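kindly return the folded structure for what I paste below:
(one chain, ligands or ions: 2)
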Amino acid sequence: MSSPNILILGAPGAGKGTQSRRLVEEFGVEHVTTGDALRANKGMDIGHLDLEYDTPGEYMDAGELVPDPVVNEIVKTALEAADGYVLDGYPRNESQTEYLDSITDLDVVLYLAVDEDELVRRLTGRRVCEDCGATYHVDFDPPAESGVCDECGGDLYQREDDTEETARERIRVYEENTEPVVEYFRDEGVLVEVDGERTPDEVWADVEDAVEARAN
Ligand code: AP5
Ligand code: MG
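Ligands and ions are numbered 1, 2, ... in the order given. Modelled structure (predicted):
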């Protein structure tokens, strides 16, 4: 099987990053994630676009979407360089969906379904390794030693947008802008819906099956 082009959709905290890491290991694809790319460029000067804020970080800390021209460019460059990918965090609105359609073909579209209260619990308890990006949860998936990464020994931190207030705003922005994207792929008949409210291993079993069934 050649490396598949996978899109993973789901609300903030649904487990897109968690499942994407497994897809990378199992299928040898590139993890293309706008959230991580933007976090690495939070202070980038986008003042020339003459919009509400002058850096991606200001949009992110408010829980709002970063302007389309910035994220479209990131995705185009990353997809061109990838031989098979899992795309996580994009597209998040109708115009990004049209743009994606114009630059690539998808083999699989996954959707992780999780309720809002569970999303907030996951986001507010999330901890991330500052060195390798491994993700933990203080209750659901704690590291052996508090604050220290099991995989590389790096320090764990809490994302600035993982406060309860910003998490709820991100979910609101998701419902308004990104749920129509989910419905678009559902209407196209290509959406594979997975119950994301189970353990990571149980979710993975369905994710792996879906990719194996469609990526030949
Ligand atoms: P981004 O980084 O993409 O955040 P998000 O979409 O809000 O999603 P998350 O990363 O919060 O959730 P996830 O689904 O990856 O969950 P995870 O696996 O970590 O975007 C951040 C910001 O960047 C946006 O708000 C926006 O400003 C900007 N941005 C990004 N892309 C953009 C775009 N295209 N256009 C415009 N702006 C853009 O899991 C969460 C937690 O749950 C973890 O603690 C994990 O351990 C735990 N967990 C995972 N799975 C399970 C499970 N099955 N059971 C129990 N716990 C679990
Ligand atoms: Mg993520």
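
enumerate the residues of the protein near ligand 1.
Counting by Cβ under 6 Å from any ligand atom, the chain comes close to ligand 1 at 10, 12-18, 34-35, 38, 59-60, 63-66, 71, 89-90, 92, 96, 122-123, 125-126, 135-137, 140-141, 161, 170, 199-200, 203. No exception for glycine: its C-beta is placed from N, CA and C like everyone else's.

out of those residues, list just those in helices.
The helices, defined by DSSP state H, take in 16-18, 34-35, 38, 59-60, 71, 96, 122-123, 170, 200, 203 from the residues of the chain next to ligand 1.

tell me which residue of the chain lies closest to ligand 1.
Per Cβ to the nearest ligand atom, G35 is where the chain lies closest to ligand 1, at 1.9 Å.

returning to that earlier point: ok, of the residues of the chain next to ligand 1, which come out buried?
Buried residues within these, defined by neighbour count using 16 or more other Cβ atoms under 10 Å: 10, 12-18, 34-35, 38, 59-60, 63-66, 71, 89-90, 92, 96, 122-123, 125-126, 135-137, 141, 161, 170, 200, 203.

hang on, the earlier thing: show the pLDDT at the residue of the chain closest to ligand 1.
Looking at G35, its pLDDT is 96.

surely it meets V75?
No - using Cβ atoms under 8 Å as the test, G35 is too far from V75 to be in contact (11.8 Å).

so where's this protein shaky on pLDDT?
For the chain, the stretches with pLDDT under 70 are 1, 216.

ranges for the strands of it?
Using DSSP state E, the strands of the chain run over 5-10, 30-33, 85-88, 108-113, 126-129, 135-137, 156-157, 191-195.

each with direction, which strands does the third one pair with?
Which is strand 85-88. Here strand 85-88 is paired, per DSSP bridges, with strand 5-10 (parallel), strand 30-33 (parallel).

just give me how far it sits from the chain centre.
Computed by Cα atoms, centre = their mean, to the nearest Å, the chain-centroid distance of strand 85-88 equals 8 Å.

ditto for the shortest one
When C-alpha coordinates are averaged (Cα atoms, centre = their mean), strand 156-157 and its chain have centres 18 Å apart.

which residues does that strand contact?
Strand 156-157 is contacted from outside by R127, V128, C129, E130, Y136, P143, G147, V148, C149, using Cβ atoms under 8 Å, 6 or more residues apart in numbering.

mutual contacts of G35 and V75, please.
With Cβ under 8 Å, 6+ apart, G35 and V75 have no common neighbours.

contacts only, for N93.
Residues near N93 by Cβ under 8 Å, 6+ apart: L65, D68, N177, T178, P180, V181.

what about the second one, distance to S95?
D68 sits 6 Å away from S95, taking Cβ to Cβ, to the nearest Å as the criterion.

comparing the two, which residue is more hemmed in?
Counted by other Cβ atoms under 10 Å, D68 and S95 do not tie: D68 has more neighbours, with 15 against 12.

which residues touch the more buried one?
Going by Cβ under 8 Å, 6+ apart, D68 touches N93, S95, Q96, Y99.
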